[in-house]
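> predicted model and sequence below, questions to follow.
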Amino acid sequence: MYKAIGVIELKSIPKGVEAADAALKSAGIEMVSAHPSCPGKYEIVLTGSISNVNAAVTHVTSRFDGYVIDSSVMGRIDEQVIKALFGTQEGKREGSLGIIETFSAPSAIKAADIAVKTARVEIYDLRVSRGMGGKGVVMLTGDVGDVTAAVEAGANYAKDLSTLSSYTVIAAPHEELWKQM
């Protein structure tokens, strides 16, 4: 499994492609994904040892400083976050529902990682950038106390970065809402 994850979001597609190339050439990392995202952003996700990921992200953020929107390096990222990023996490439609919305993909991914490490919750869904105006959203389920603690921790992280859009906890979602999600 992944040792560390680095996420970089740029506001230019051409510079994003160039930055992805620079990241690959700067340290012994592997590219998980590199692609355009909404609205005209470019998202890079890379993996490797924490030192190599940190070196690659530092290299890109310093070289492309005027184009970087947000970035994050996460060591020992929770497996739920990885599964959710790849769409293989099977979220449970039960319990309380907590939602954190951010203005960037890196902050949503990091908020998700912080949330699942804070309390006993499961990621129901994690979406970043595509089709969402460049935002990121993480949905968590579990007991209301755990969901509240997890959402507050993840939301506080994004708030400290000024990337928090909004958040909520629904103690007992209506059955019809679960069917529509």
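Structure's in. What do you need? This one's a predicted model, so the numbers in the text were calculated from it and none came from an experiment. Numbers count the residues shown, from 1 in each chain.
> next up, phi/psi of R120, please.
Note on R120: its backbone torsions stand at phi -80, psi 90 [degrees, to the nearest 10].
> H59 sits in which helix or strand?
Using DSSP states H and E, H59 sits within helix 50-63.
> this protein - how does it break down into domains?
Segmentation of the chain into domains, based on automatic domain parsing, reads 4-75, 79-180.
> name the residues that touch the least confident helix or strand in the chain by mean pLDDT?
Here the helix or strand of the chain ranked lowest by mean pLDDT, DSSP states H and E is helix 79-85, holding a mean of 85. Helix 79-85 has contacts (C-beta atoms under 8 Å, 6 or more residues apart in numbering) with 1-2, 5, 45, 89, 109, 112-113, 116, 122-123, 125-126, 128, 138. Just so you know, the C-beta spots here come from the backbone N, C-alpha and C atoms, and that holds for glycine as well.
> kindly recompute the last result at 7 Å.
By C-beta atoms under 7 Å, 6 or more residues apart in numbering, the residues outside helix 79-85 that reach it are M1, Y2, Q89, I109, A112, D113, V116, E122, I123, D125, L126.
> a markdown table for those, including pLDDT, distance to V53 and neighbour count?
Formatted as a markdown table, these follow (pLDDT from 0 to 100; distance: C-beta to C-beta, whole Å; neighbours: other C-beta atoms under 10 Å):
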| residue | pLDDT | distance to V53 | neighbour count |
| --- | --- | --- | --- |
| M1 | 49 | 14 | 7 |
| Y2 | 53 | 9 | 19 |
| Q89 | 74 | 22 | 17 |
| I109 | 92 | 13 | 25 |
| A112 | 96 | 18 | 32 |
| D113 | 95 | 14 | 25 |
| V116 | 96 | 20 | 24 |
| E122 | 95 | 26 | 20 |
| I123 | 95 | 22 | 24 |
| D125 | 91 | 25 | 16 |
| L126 | 91 | 19 | 27 |
